[in-house]
Structure formats: structure tokens, C-alpha cells
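1. can't give you the sequence, but here's the structure:
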């Protein structure tokens, strides 16, 4: 039988006889708690008779995961599930188990009764009494009728919504979600609000409701995607995504925001201005996440000056700072002796990293004078922490800086006392920041084992629990396991529980998430070696959201030292449809890394499940108690 991840599992008569004892519902429910893939749960559901009590147990487990409701009828499995949920008349229906609902709206296929579909959705909302998270993907957010129903769901505290129509609409014909009804119904109850695809029209609508937002004292988590539409495009050339550096943002009035996540275009924060940071107050901010995207499809802005003007003394509550620098560089996916594919334009992208002027020498350096007293988590990538070799250039579209590598930064140059002093100052800042951190994702570009050692020497073994980095695979042999020198460094940190390799091995973009040794053996060897290096490490991540978890209790005795790490790892494949959000079981620390956008659509479609279902039904028939 094939699992949903493609592994072949052979169920022998001996293995079945061991499981011959009848299961009760509690035990079966606990088994299902370790299944995170909806396709696997669909297989089980289709293998159990509708009248069997275990059918409801499995359906309830499915409802505990993000549930995608598609208005276009694209998922036959989910359509059947929702029919069962909506038609259920039991006092405590299975629909009460739904915690996270993903509504996917869009253009309805021909012969589809759109009114009936929307009514079906409203009926479902009335059943989901314990709904906690609503993710609205597609056209213009919930309707007035939906909001009236949702307002009565007391546990609904998180709303994620697309504020604009589908990508591809004409730039100058902007549409947005009408939020008048939202601000007085569902809005005041929320603790988390994520507004995606915010264009200029939507921003003006938000600003017009500033007085209403001033009463949102429960809203502590705000996420804004400001990369949609043309904003202040001057009409020349291709329209850029989002606002330019000239656009002046205003405070939206939210009084209690503690976590801010901004999706911005690089051009928006290219100048030494506070830019979109003006949208909220800073004093209460505990978490700041800034995701930087290219403003144009063919052009990056390489100089980011936001941190040249942010006052660090205003961020006294900040515990987590995350900067996710998105560039297009396919070189790390190739071995040094390989050239870009001649017929692939995407394979030839080799953009350089952006320079975050003021981040280290101004913003982070303030820790030495008492600012940022609560900063314990620093998550960056690319070269956000690298020292530029030259002074800042004038001009928004000036060339990107050349960076010192970590080895070059630590090296003393003969006869250049001024540059050596500048390097020493940079290292001093890094030491002052790193020594206090509990979680660190570094941004120095690809690193050798020796460079990783220099970085870890700046960290405290008594504090560091998470460490993420981009490993320089190009310095290793193709068939060799990850460097023993690197593994030795990990042994120095007794509290280290999570390690993240941001960049998978070259040429593994289509397989690095798979727990199959025949196609992903080298990656699995690397993961096993990391687990073996430090018995306290519980999670190892590779790339974006592909996480392996140690499957034993924390080692309290020497007996665990002899275990084969390959036998105690569990692949948690979080490769989900981007519209269904990330796998909530994967820690946020791993929600970054290199995901080859060209390879993400190259996975083989799931094979027909008929044979699997017949085999599974046969096995379940031997171990499940007979329904009365």
C-alpha cells in the first residue's frame, strides 16, 4: 500500500495478526492525531462504512485540520465531506469539530448555481459553532449575510482575507472588500487579523474606519500585505507592485497591536523613512516581521534604508525581529560544475542580496546602550547581517553592495587599520546581540563549517535553543554527508532543540521533502547526522517547512546514544497548497527557506487510490470492532 507521501508499505499477515485485537474509539482517535495529511484521512474515510462509529472519529480528526471549502466544486472528496457536515442533525454534530475553515471563492463554473453554493456556505457557518480561524481566499471577503452569522461564533478570533480580486485584474480597475459591515460586526471580536492583497483603494477604506479601529482592544496580531495594485505609480514604464518610497502612510488607529507582519515591496522601504511602519504604534510591539518582495518582475531594489531611521528606543517591548528577504537566485540549486539550463530562464536567475543599511550599525547596535532590552529572537536570511565593503550609495536604484564573507570579516588586513577597526566594530555588535539570543536565524549568505563556528562562538550555550543558517553545499562533495566540523559545533549547545538548513542540497528541489531514501538519501543522511550529533535536538528543518521530528523522549539515559537516528525521525511534510496556509503543526521558526518556485508544480499527481482503499479496507476489517 502507498502512503500519501509515496512510500510503499507492505502489510504482511504477521503484522496484521499483531494488530488483531479490537481497537476502541479513544485509541483509534489517538492514532489519527499523528496523521497530518488530509489525503491519508480521505483514504481512511473511504475505507470505513458510513454507519461504523470509527467513520465519525476519522471525520472529526479531518475537521481538526484546515478544511478547504471550494465554491467551484474542484474537490469531490471535500464536497462529499461537507455534504455530511451540513446535513448532520445530531445535537453535537461533527461540524462542531471544525476549527480552521478555508473558503476558496472565485469564478463559478458553468451550470453552477452560485446562489445555492453561497447558501451552502452560510449553512456551514451556522454548523461550525467552534470555528476559531477563517481563511477567506478569493473575491472580496465575507458578505454582509455571512458576517451576520460569523458574528455569533464566539470562538472565531482569527480572520485572514483577500481584500482584492484574483491576480490578473487590470491594474487601473482596482476593487476591494467593502468593510463597512465588518468593522461593526466581526471585527471587534478578533485577536488576529490578516489582510492580504491590500491595494490603494483598500488602504483608503481602512484609513476611513480609523475611529472604529480605535476600539479594537482585543486585536493584538495584525498582518498586512501591501504589495497589491499600483498605489502611487507615476504612469511611466511598467507599474510597480505596491507603493513607492514617496508614499506617506498614516496610523490606522489599532491601539493594542503586539505583533505586526508586513508584506512590502522593496521600493516601499528603500528610503530612510519609516514608511509603512507608521501604520501602528511601536511601544507595545513584541514581534515585527518584514517580508520584502521585488517591486518589479525583472528588477530588484538592492538598498533598503528603513532601519536608518527607525528609533530603537521606541521598541522596548520587541522580543522577535524577523526579516525575510526574497530574491531570485537559482545558483544554490546547482553544483559548481553545472551551468544553468539553456532552455530555462528561471534557472539563470542570480540576483544579489539586498543591503539593509542601518540594521546592524544603528538599530541592533543599540543593545549596547540599553535599547531593545527584550530582543531574544532574531530571524533574518540572505545577507541581512553581512557587512558591506563600501559606504552607502546615493540613489534609490543604485547597485547593490558587495559583502564581506564571515571569514573575510574576521580576517585582519595588513596595513588597513581603519578597515580593521570597522570590522572589529561590526563583530562587536554581533557578539553583543547574539550572546543574548534564544533563537537565531542568520543572514550571512551561504556559510562554510568554519564560518558557522565563528557565528556560534558569539552565542551562549546556556541560551540558544534554535539555530538556522544557509549551508554552502558548493564547498562539499556531492556524495558526502554534512561537515563533521559543523556537527561538532552543535554538540556545544545543550539547550539546542531545533536546527534549520535553509538551503537544501543542489538538485533536490523536487525530492528534499520526501522521506524516501531511494530518491532523497543524502538529505536523510544529513538529518540523521544532525540528530546523532546532539541528543537534545528534537527538530531538523530543510528548506521551507519540511521538518523532521525526533520520535523518542528526550534522552535521559545513555541507551539512546546507540539508536540509529534514521529509525527515530518522522517526516512532517508541510508542502500544502499556498491557499490553505502553512501546516500549523510545523513551528513558525521553520516557515522560511528556499523553495524552488519552478519545481513546486512538478510533483507527480497522486495515483488512483482504488487499490490502496481495497487493501486498507481489508486490513481495517480485521482490527476494527464490528458495528452493532
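-> Nice, thanks for sending it over. As the structure is a prediction and not an experimental result, all values here were calculated from the model. Numbering: from 1, shown residues only.
2. Looks to me like residue 395 is in a strand.
-> No. Using DSSP: H, G, I helix; E, B strand; the rest coil, the secondary structure at residue 395 is coil, not a strand.
3. separation between it and residue 381?
-> 25 Å (Cβ to Cβ, to the nearest Å). Backbone N, C-alpha and C define where each C-beta goes, glycine included.
4. More neighbours: the two, which one.
-> Between residue 395 and residue 381, counting by other Cβ atoms under 10 Å, residue 381 is the more crowded of the two (26 against 9).
5. ok, that one touching residue 322?
-> No. Counting by Cβ atoms under 8 Å, residue 381 does not reach residue 322; the two are 9.2 Å apart.
6. so what sits against both of those two?
-> residue 441 (Cβ atoms under 8 Å, 6 or more residues apart in numbering).
7. Mind jotting down where the strands sit in the stretch 51-200 of the chain?
-> Counting by DSSP state E, counting those that start in this stretch, residue ranges of the strands within the stretch 51-200 of the chain are 67-70, 100-104, 133-137, 158-162, 192-196.
8. Looks like residue 405 contacts residue 444 (just checking).
-> Yes. Using Cβ under 8 Å, residue 405 is in contact with residue 444, at 7.4 Å.
9. Quick check: which ranges of this structure have low pLDDT?
-> 1-22, 72-79, 86-93, 106-114, 165-174, 298, 340-350, 551-585, 593-628 (pLDDT under 70).
10. try it again with 50
-> Scanning the chain for pLDDT under 50 picks out 1-20, 91, 167-169, 171-172, 552-582, 596-608, 627-628.
11. So residue 405 and residue 444 - more neighbours on which side?
-> Neighbours per residue (other Cβ under 10 Å) separate residue 405 from residue 444, with residue 444 holding more: 26 against 18.
12. Report how many residues lie close to the closest residue to residue 410 other than its chain neighbours.
-> Among residues not flanking residue 410 along the chain, residue 454 sits closest, at 5.7 Å (Cβ to Cβ, 6 or more residues apart in numbering). Applying other Cβ under 10 Å, we find 18 residues neighbouring residue 454.
13. Next, the contact list for residue 454, please.
-> Per Cβ under 8 Å, 6+ apart, neighbours of residue 454: 406, 407, 410.
14. Just confirm it is within a helix.
-> Yes. Secondary structure of residue 454 (three-state DSSP): part of a helix.
15. rewinding a little: what subset of the contacts of residue 454 is buried?
-> residue 406 (16 or more other Cβ atoms under 10 Å).
16. Closest one to residue 131 out of the contacts of residue 454, please.
-> residue 406 (47.6 Å; Cβ to Cβ).
17. surely the closest one meets residue 444?
-> Yes. Shown here, residue 406 and residue 444 form a contact pair, counting by Cβ under 8 Å, at 5.3 Å.
18. Now the common contact residues for these two.
-> Common neighbours of residue 406 and residue 444 (Cβ under 8 Å, 6+ apart) are 451, 455.
19. dump the residue contacts of residue 243.
-> Residue 243 makes contact with 200, 226, 231, 232, 249, 265, 267, 268, 275, 276 under the criterion Cβ under 8 Å, 6+ apart.
20. In terms of helix, strand or coil, where does it fall?
-> Residue 243 ends up coil, using three-state DSSP.
21. distance of it from residue 233?
-> From residue 243 to residue 233 the distance is 9 Å (Cβ to Cβ).
22. got it, and residue 353?
-> Distance from residue 353 to residue 233, by Cβ to Cβ: 26 Å.
23. Same check on residue 301?
-> 15 Å.
24. Compare the two (neighbour count), which wins?
-> Higher neighbour count among residue 301 and residue 233: residue 301, with 23 against 18, using other Cβ under 10 Å.
25. Was I right to think that one contacts residue 295?
-> Yes. When contacts are counted by Cβ under 8 Å, residue 301 is listed as touching residue 295 (6.2 Å).
26. Can you check which residues contact both of those two?
-> Listed as contacting both residue 301 and residue 295 by Cβ under 8 Å, 6+ apart are 266, 267.
27. Can you give me the neighbour number for residue 154?
-> For residue 154, the count of nearby residues is 10 (other Cβ under 10 Å).
28. For it, give its distance to residue 187.
-> 15 Å.
29. Kindly report the same for residue 35.
-> To residue 187, residue 35 is 35 Å away according to Cβ to Cβ.
30. Give me the more crowded residue out of these two.
-> Taking other Cβ under 10 Å, residue 35 and residue 187 do not tie; residue 187 has more neighbours (21 against 18).
31. I'd assumed residue 214 was in contact with the more buried one.
-> No. If you go by Cβ under 8 Å, residue 187 and residue 214 don't touch, sitting 11.8 Å apart.
32. And for residue 370, the neighbour number?
-> By other Cβ under 10 Å, 10 other residues sit near residue 370.
33. Now it: phi and psi?
-> In terms of degrees, to the nearest 10, the main-chain angles of residue 370 are phi 100, psi 0.
34. before we move on, back to that, between residue 405 and residue 444, what contacts are shared?
-> With Cβ under 8 Å, 6+ apart, residue 405 and residue 444 have common neighbours 386, 451.
35. in the stretch 401-550 of the chain, which spans are helices?
-> 406-410, 417-434, 449-456, 484-490, 517-533 (DSSP state H, counting those that start in this stretch).
36. how about those helices in TSV, adding distance to residue 508?
-> Output for the helices of the stretch 401-550 of the chain, formatted as TSV (distance: least, Cβ to Cβ, whole Å):
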stretch	distance to residue 508
helix 406-410	25
helix 417-434	30
helix 449-456	20
helix 484-490	18
helix 517-533	6
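37. Which stretch among those approaches residue 40 most closely?
-> Closest to residue 40 of the helices of the stretch 401-550 of the chain, according to Cβ to Cβ: helix 517-533, at 19.3 Å.
38. which of the residues in the closest one are buried?
-> Buried, per 16+ other Cβ under 10 Å, within helix 517-533: 520, 522-533.
39. check contacts around residue 291.
-> By Cβ under 8 Å, 6+ apart, the contact set of residue 291 is 261, 262, 263, 264, 324, 326.
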